[in-house]
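Q: Provided below for reference: sequence and predicted model.
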Amino acid sequence: MIGASISRWTMSYFATALAWLFVALALMVAGFGYPATHLASPDTLVLVHVVCIGWLSVAMCGALFQFVPVLVAKPLFSEKWALPALSLLTAGLAALLVGFLGLGGRLPAWLWLLPIGAVLLIAGFGLVVVDLGLTAWLRPVGPARFVLAGLASLCATAAFGAIFAFADAGWAGSIGQSVLTTGVPLHAIAGLGGWLTLTAMGVSYRLLSMFMLSPDVDERKSNMTLAAGALAIGVAVVGGVVAIWFVSGLNVVLSITAVLGLATTALYGRDVIGIFSGRKRRQLELNTRMAALSFASLAGTALVGVVLVLTGAFAAYLGAFAFLAIFGWLSGLVLAKLYKIVAFLTWLETYGPVMGRAPTPRVQDLVSEARASKWFVIYYAAVWFGTLMLMASQPSAFRAAVAMMTVGLIGIVREVIRTRRLADVASPVRLPDGACAPHLLFARN
Amino acid sequence: MTNQLVDRINDALRVVIDPELGHNIVDLGFVYDISVVDGGAVRITMTATTPGCPAIHFLKEGVANAAARVPGAGPVDVVMTFDPPWTPSRIAPAVRASLGFAAVN
């Protein structure tokens, strides 16, 4: 196979993910969870899981259903699993959130919802992992290896999460309680560092090369980056479990993981600089310029992390560190690429079938970068300001920053909807004979 | 006669664009060869920027559709190849400048 087909449900994943992101931002603007409550509070757990599962994981899964076939030039193992997986993930997250709200006393204590939510999430992620894993395994080269490492990390994250959920419901015995007491950092590292970051790195290699017409990263270099990243996650998960078993504390494991994580970030930075400097298209599109801001946020996250560790203040500022990683690096990159992917897929779906029969617009004709750029700038400026306000212990200013992020996001989503509706395409070529306007929430293929 | 048909097919393929680069595939240098055998059967060998890209299927179909509409063209066979790989040096100079491509590479 030399060309992948259009993923039918990627738009549905993106729409669901964006809806969860709005929920998360609304909660933060309302002062729900951290910094009003501490990082491990049930309210913060609600917030963290809305962002990490509802927004980031769902958006990443939607993108992977389209891009894993592109990465390996093979068809998806099963297109039919994508929608059931989305339904299971949505139901599982909802059950988990109600369970957390019960844990915090905001709802009746239906703690049995936590293991039910975990089982539903494992079923949903299980479909995703098997579908994408079997597809990527057919040709595990280059960026596809990052996706496989990310999927393995997702399994570890889900396993920790399930143990926590069963332990919170009182169904996991003393071993479950030990894992719950000590293992939360391992769950977070496997999820944010392994699943989301390694996968985002792998996909970004391909997307940056495709859209800037750069040579692919030298496989030896990207393998070195992946080896450092996979080793970091491996040390955290395996070493962490051993440390919990022997009740020896996690300090050594977390220190080694931090050093390896820093090395991974540095190697990834070297690779990305190589892609930018080797590009054949000199003019950068908006999605690439905005992705560069997410790379800057990743560098900033690493720098903040080093300074906080060296000054012994990491625990005190963990929230600000995580906020910058989640909203500057991961969310910034996902939003920048989502903006481009929606335009590209909308073009393929609408104009691909009539190519050769009628004149068609360019992908760039579906978007207005001049209009969209200000919303991205507002979003990133707000994220950086919010990080500073968290560090300065200014909760009101932090909520104002999140409100500003919401304004930026509303603008970005409005642009994406306009793209989907072909609102910026000039009328002579907007809908040539034989072309169908795309549906907002799924592909018609 | 055959050469004229090849020229007409080449012109007809200008309706097919690379959606990302926004120019027709002839000026972008995607078309490696057009051959017409006795009876009018057409064989077009072409490429694209990225193997695995979802646009490839549509580019191939679009080329087949455009060529089949040329009077005198018989059955059309489109072969997609990445050997040799496409490079920006294949782009017509005027288009290359408008796309902002590096002079080197």
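A: Sure thing, it's come through. Residues are numbered from 1 along each chain as shown, chains lettered A, B, ... in the order given.
Q: The stretch 201-350 of chain A against chain B: which residues are in contact?
A: Residues of the stretch 201-350 of chain A lying near chain B by CB under 8 Å from any CB of the partner chain: A:210-211, A:213, A:278-283, A:344-345, A:347-348. Bear in mind the C-beta positions are built from the backbone N, C-alpha and C, glycine included.
Q: List buried members of those residues by neighbour count.
A: Applying 16 or more other CB atoms under 10 Å in any protein chain shown to these, the neighbour count classes A:210-211, A:213, A:278-281, A:344-345, A:347-348 as buried.
Q: Enumerate the residues of chain B near chain A.
A: Counting by CB under 8 Å from any CB, chain B sits next to chain A at B:15-17, B:19-22, B:49-67, B:69, B:80, B:82, B:88, B:99-102, B:105.
Q: hmm, try it at 7 Å
A: Contact residues, chain B versus chain A (CB under 7 Å from any CB of the partner chain): B:15-17, B:19-20, B:22, B:49-59, B:61-66, B:80, B:88, B:99-102, B:105.
Q: Excluding chain neighbours, give the residue nearest to residue A:386 in space.
A: Leaving aside its chain neighbours, residue A:386 sits nearest to residue A:401 (3.4 Å; criterion: CB to CB, 6 or more residues apart in numbering or on different chains).
Q: tell me the SS of that neighbour?
A: State at residue A:401, reduced to three classes by DSSP: H, G, I helix; E, B strand; the rest coil: helix.
Q: Residue 22: how many residues sit nearby?
A: As the question left the chain open, I've gone with chain A. Neighbours of residue A:22 under the rule other CB atoms under 10 Å in any protein chain shown: 16.
Q: Can you look at chain B instead?
A: Neighbour count for residue B:22, taken as other CB under 10 Å: 17.
Q: hmm, back to that, I figured the residue nearest to residue A:386 was touching residue A:389, is that so?
A: Yes. Contact criterion CB atoms under 7 Å: residue A:401 and residue A:389 qualify, at 5.6 Å.
Q: Closest to the centroid, which residue in chain B?
A: residue B:31 (3.3 Å; CA atoms, centre = their mean).
Q: Find the nearest non-adjacent residue to that one, please.
A: Among residues not flanking residue B:31 along the chain, residue B:46 sits closest, at 5.1 Å (CB to CB, 6+ apart).
Q: Would you enumerate the residues in contact with that neighbour?
A: Residue B:46 sits next to B:25, B:30-32, B:63, B:78, B:80 when contact means CB atoms under 7 Å, 6 or more residues apart in numbering or on different chains.
Q: What backbone torsions are found at it?
A: Phi and psi for residue B:46, reported as degrees, to the nearest 10, are phi -140, psi 170.
Q: Same check on residue A:142?
A: Dihedral pair for residue A:142: phi 50, psi -130, per degrees, to the nearest 10.
Q: Quickly note the distance from it to chain B.
A: 11 Å (CB to the nearest CB, to the nearest Å).
Q: Show me the contact partners of the longest helix seen in chain B.
A: Longest helix in chain B, counting residues (DSSP state H): helix B:55-68. The contact list for helix B:55-68 (CB under 7 Å, 6+ apart) reads A:2-3, A:5, A:348, A:352, A:355-357, B:9, B:12-13, B:15-16, B:19, B:25, B:42, B:44, B:46, B:48, B:73, B:76, B:78, B:80.
Q: Could you identify the helix or strand that succeeds it?
A: Using DSSP states H and E, the next helix or strand after helix B:55-68 towards the C-terminus is strand B:76-80.
Q: what lines up beside that following strand in the sheet?
A: Strand B:76-80 sits in its sheet next to strand B:42-46 (parallel), going by DSSP bridges.
Q: ok now the strand it pairs with, how far from the chain's centre?
A: Chain-centre distance of strand B:42-46: 8 Å, with CA atoms, centre = their mean, to the nearest Å.
Q: Residue of the stretch 101-250 of chain A nearest chain B, please.
A: Here the stretch 101-250 of chain A gets closest to chain B at one residue, residue A:210, 5.2 Å apart by CB to the nearest CB.
Q: quick one: residue A:380 and residue B:4, what's the gap?
A: According to CB to CB, to the nearest Å, residue A:380 stands 57 Å off from residue B:4.
Q: same deal with residue A:112?
A: 78 Å.
Q: who's more crowded, these two?
A: residue A:112 (15 against 10).
Q: Please name the residues that touch the more buried one.
A: For residue A:112, the contact set (CB under 7 Å, 6+ apart) comprises residue A:169.
Q: How about stretch A:423-430 and chain B, touching?
A: No. Under the criterion of CB under 7 Å from any CB, chain B is not reached by stretch A:423-430; the shortest gap measures 10.6 Å.
Q: Likewise for stretch A:433-442?
A: No. Judged by CB under 7 Å from any CB, stretch A:433-442 stays clear of chain B, getting no closer than 10.2 Å.
Q: Do me a favour and get the end-to-end distance for that stretch?
A: Taking CA to CA, to the nearest Å, stretch A:433-442 runs 22 Å from one end to the other.
Q: Toward the C-terminus from the strand or helix carrying residue A:302, list the very next helix or strand.
A: Element membership of residue A:302 [criterion: DSSP H and E] is helix A:286-310. Counting by DSSP H and E, the element after helix A:286-310 in chain order, helix or strand, is helix A:318-323.
Q: packing partners for that following helix?
A: Packed against helix A:318-323 by the contact rule (3 or more CB pairs under 7 Å, 6 or more residues apart in numbering or on different chains; DSSP states H and E) you find helix A:286-310, helix A:369-391.
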